[in-house]
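# A predicted structure for the sequence below; I have some questions about it.
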Amino acid sequence: MKNELKIYNSLSRSKEVFQPLEPGYIGMYVCGPTVYSDVHLGNCRTFVNFDVVYRFLKYAGYKVRYVRNITDVGHLVGDADSNAEDKISKKARQEKLEPMEVVQHYTNGFHEMMDIFNTLPPSIEPRATGHIIEQIEMVQQILDNGLAYEKNGSVYFDTIKFANENEVYGKLSGRVIDDLMSESRDDLKNQSEKKHPSDFAIWIKADPTHLMRWNSPWSVGFPGWHLECSVMSTKYLGKTFDIHGGGNDLKFPHHENEVAQNFGACNCAPSNYWMHANMLLMNGKKMSKSDDNSITPNELFTGNSAHISKAYSPMAIRFFMLQSHYRSTLDLTDEALLAAEKGFRRLMEGNKVLTDLTSTHQDGPAALDAEINELINQAIEHMYDDFSTPTALGKLFELVPKINGLKDGHLSLAEVSTETLERLKKIFNDFIFDIFGLQDEMEQSNGDGTLDGLMQLVIDLRQNARATKDWGTSDKIRDGLAALKIQLKDGKDGTDWSKI
Ligand code: AMP
Ligand code: ZN
């Protein structure tokens, strides 16, 4: 039986059978990072979640065009839509850098981190500043359709007019216009320019000190944040496309306003399915720098944080993320990471053991075939059911004791047919590497264990140097390792090493 893909659609608040606009093809847009600071672990979780979605859609046989943007203009401090400063402009002013230097620096860092977590690059990664002309065009279309108005060089989307004409406004976020009115800030300077507090800026007049600004028919200014995603998704995926994704926190105002803008410009919905990934927490609370309740990916990789007892590898962290469903919150704790690290090792070892197994069964179906095939089928079905990575993983973990049993003789290799064993090998491999995007870190860095041996030698040499107060040599070893992105961590049981 062919599996049917079901996706939870935030718009209908229900799981729906997925129907692409064009059979076999999928257009998917995911809101990318705002590149004014280092990417944090919460961002990484969302991008890993959508990486698994992308990987699974391809695995299921679709040709996917995956567009994930870089926000390099328009995202204002506090997500406001008025005189608040642009996040990138602000950083550039504070650091005395060109805005594009800020953008380049954090875009590079973002790409590096995505690489470390083994996420696939999107098919297209458009930048907002590369699409100013298209954004001006969309503002004009919305004005022409009577759903926006200009005031003192800024252009605002007329939410009340839109809400009166089209009941779609507020549907995605579940807010009604009264909420929208009361929730909108009225402490902003340009509030008086708006007809209603819930209206939002789609073009913002820049004051002369603003670093990033462009000519437009209305003023020298810059586009509103929500506009870029409406414009770039339309440009690369068409006016209506299949899937739009992002973190939960973007539902309102960002995605709600994107829907409004697309209707305002072309009277059509941007996306048929809206997917929202849930937030990453730490020790049960929202990650927050100001409450000292946050951790950076690098602190996790090196173990340099009071919140954790040791270093964790990128793949153990990726595995940890896969253990929860993308629509559930995920709580990062030291215990959960320790458990994930163990689980990751068990899965990888199971896979290694499996590779070496050979059936001794002669002909026809064998005793264990039905059970093994059923577990494999269930693992796949769970992925078709709204990308349920935790339950799919659960099925793989039901298979691991069988694999180990076949290896140590608790189960007989005569009880599984060659066909089933080969299928099991293929599916395990497909899941671990292609769908879950995990990598065998030991194999990558260690091969036959030579690296472990060499590292122990280096650690011993450094220990000797320190014992004889030969600081020159011990510093040289530390700096040399740092250049190779290898970090040493001294603990009470000796010195550990990890790749950063
Ligand atoms: P930003 O750079 O703030 O625009 O965010 C980039 C992406 O990361 C968006 O899809 C956000 O929804 C998502 N995101 C931000 N914080 C978290 C978090 N704590 N957990 C999961 N995703 C997050
Ligand atoms: Zn967006």
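Here it is on my side, so go on. Numbering: from 1, shown residues only. Ligands and ions are numbered 1, 2, ... in the order given.
# going forward, measure contacts between C-alpha atoms and count neighbours the same way
Noted.
# which positions in the longest helix along the chain come out as buried?
Across the chain, the longest stretch assigned as helix under DSSP state H is helix 334-355. Buried residues in helix 334-355, counting neighbours by 16 or more other C-alpha atoms under 10 Å, are found at 334, 336-338, 340-341, 343-345, 347-348, 350-351, 354-355.
# what's the first helix or strand after it?
With elements assigned by DSSP states H and E, the helix or strand that comes after helix 334-355 is helix 369-384.
# can you name every helix or strand that that following helix contacts?
Helices and strands touching helix 369-384, by 3 or more C-alpha pairs under 8 Å, 6 or more residues apart in numbering; DSSP states H and E, are helix 389-408, helix 418-429.
# may I see the buried residues of it?
369, 372-373, 375-376, 378-384.
# ok, and which of those residues reach ligand 2?
Residues shared between the buried residues of helix 369-384 and the neighbourhood of ligand 2: none [C-alpha under 5 Å from the ion].
# low-confidence ranges, the stretch 351-500 of the chain, go.
For the stretch 351-500 of the chain, applying pLDDT under 70 flags the ranges 442-449, 492-493, 499-500.
# how about a cut-off of 90?
Within the stretch 351-500 of the chain, the stretches with pLDDT under 90 are 362-365, 441-461, 463-467, 470-500.
# so how far is residue 5 from the nearest residue to residue 314 once chain neighbours are set aside?
Ranked by C-alpha to C-alpha, 6 or more residues apart in numbering and with sequence neighbours excluded, the top spatial neighbour of residue 314 is residue 117, at 5.8 Å. Computed as C-alpha to C-alpha, to the nearest Å, the residue 117 to residue 5 distance reads 26 Å.
# more neighbours, those two?
Per other C-alpha atoms under 10 Å, whichever of residue 117 and residue 5 has more neighbours is residue 117, with 23 against 19.
# neighbours around whatever residue of the chain ends up closest to ligand 1, how many?
Proximity of the chain to ligand 1 (C-alpha to the nearest ligand atom) peaks at residue 247, 3.0 Å away. Residues near residue 247, counting by other C-alpha under 10 Å, number 23.
# if you skip the residues just before and after it, what's nearest to it?
In this structure, residue 247 finds its nearest non-sequential neighbour in residue 277, 4.7 Å apart by C-alpha to C-alpha, 6+ apart.
# make sure that neighbour is actually in contact with residue 251.
No. Counting by C-alpha atoms under 8 Å, residue 277 stays clear of residue 251, with 10.2 Å between them.
# so which residues of the stretch 151-300 of the chain form strands?
Applying DSSP state E, counting those that start in this stretch to the stretch 151-300 of the chain gives strands spanning 154-157, 200-205, 221-223, 241-247, 271-277, 280-282, 285-286.
# which of those strands sits closest to ligand 2?
Across the strands of the stretch 151-300 of the chain, ligand 2 has its closest neighbour in strand 241-247 (7.3 Å, C-alpha to the ion).
# before we move on, the earlier item: contacts only, for the residue nearest to residue 314.
Contacts for residue 117 (C-alpha atoms under 8 Å, 6 or more residues apart in numbering) come out as 48, 314-315, 318.
# pLDDT score for it?
Among the per-residue scores, residue 117 shows a pLDDT of 98.
# phi, psi of it?
Phi and psi for residue 117, reported as degrees, to the nearest 10, are phi -90, psi 10.
# one more: the one 3 residues further on?
Main-chain dihedrals, residue 120, degrees, to the nearest 10: phi -70, psi 140.
# pretty sure it is touching residue 52, no?
No. Look at residue 120 against residue 52 with C-alpha under 8 Å: they stay out of range, at 9.2 Å.
# neighbour count winner among the two?
More neighbours surround residue 52 than the other of residue 120 and residue 52, with 22 against 16 (other C-alpha under 10 Å).
# what sits against the more buried one?
Contacts of residue 52 by C-alpha under 8 Å, 6+ apart are 435-437.
# how close does it get to residue 287?
The value you get for residue 52 to residue 287, if C-alpha to C-alpha is used, is 23 Å.
# hmm, back to that, farthest-apart pair in the buried residues of helix 369-384, please.
369 and 384 (22.6 Å; C-alpha to C-alpha).
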